[in-house]
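only the shape, not the letters, is given here:
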């Protein structure tokens, strides 16, 4: 019998395989082989909406009907994707500024006649050159230099996953064993 978690994750990744995604966003997620394309596509779409809303907030304060419907659908898709990943035990961090931006926009978006951008709307700061989705299990914070090192998965067993990384201070390769949540 097929594993339901694997079925969920396969369906999710297949959904995005045929989606066109700009190289400008794909390059931000090259370290995440399994979900990078998903995160790149969602990031690209969020940027398109936030840029347009920021522009409309400074001009007519009217966000067009078709764009409003698309953004509502994107928010639903984002919530569904994050929920699916959580149910599958995949830990994903969504940039706080974007999470806040989505939460601030959702109440005034309308399915019909467009949406009125509220008076005094604070622009969402656009993130172009770093990922807005990260998976903590694939990164480690190094204390000496206060920087992160990319973890490369080298193995997996019943109870843990094993990653390796090169310490930038010493140039030495380290292994890191992380227990699975289950």
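Looks like it arrived, so ask away. What you see is a predicted model; the values in this text were computed from it and never measured.

can you tell me how far residue 46 sits from residue 178?
From residue 46 across to residue 178, the span is 29 Å (CB to CB, to the nearest Å). Where C-beta positions appear, they are placed from N, C-alpha and C, glycine not excepted.

so those two - more neighbours on which side?
With neighbours defined as other CB atoms under 10 Å, residue 46 and residue 178 compare such that residue 46 has more, 25 against 15.

surely the more buried one meets residue 133?
No. If you go by CB atoms under 8 Å, residue 46 and residue 133 don't touch, sitting 9.8 Å apart.

residues shared between the contacts of these two?
Residues touching both residue 46 and residue 133 (CB atoms under 8 Å, 6 or more residues apart in numbering): none.

do you know how far residue 108 is from residue 21?
Residue 108 is 28 Å from residue 21, by CB to CB.

out of the two, which sits in the busier spot?
Using other CB under 10 Å, the more surrounded residue of residue 108 and residue 21 is residue 21, with 19 against 14.

report the secondary structure state of the more buried one.
At residue 21 the chain is in coil, as set by DSSP: H, G, I helix; E, B strand; the rest coil.

ok, now how distant is residue 64 from residue 123?
According to CB to CB, residue 64 stands 18 Å off from residue 123.
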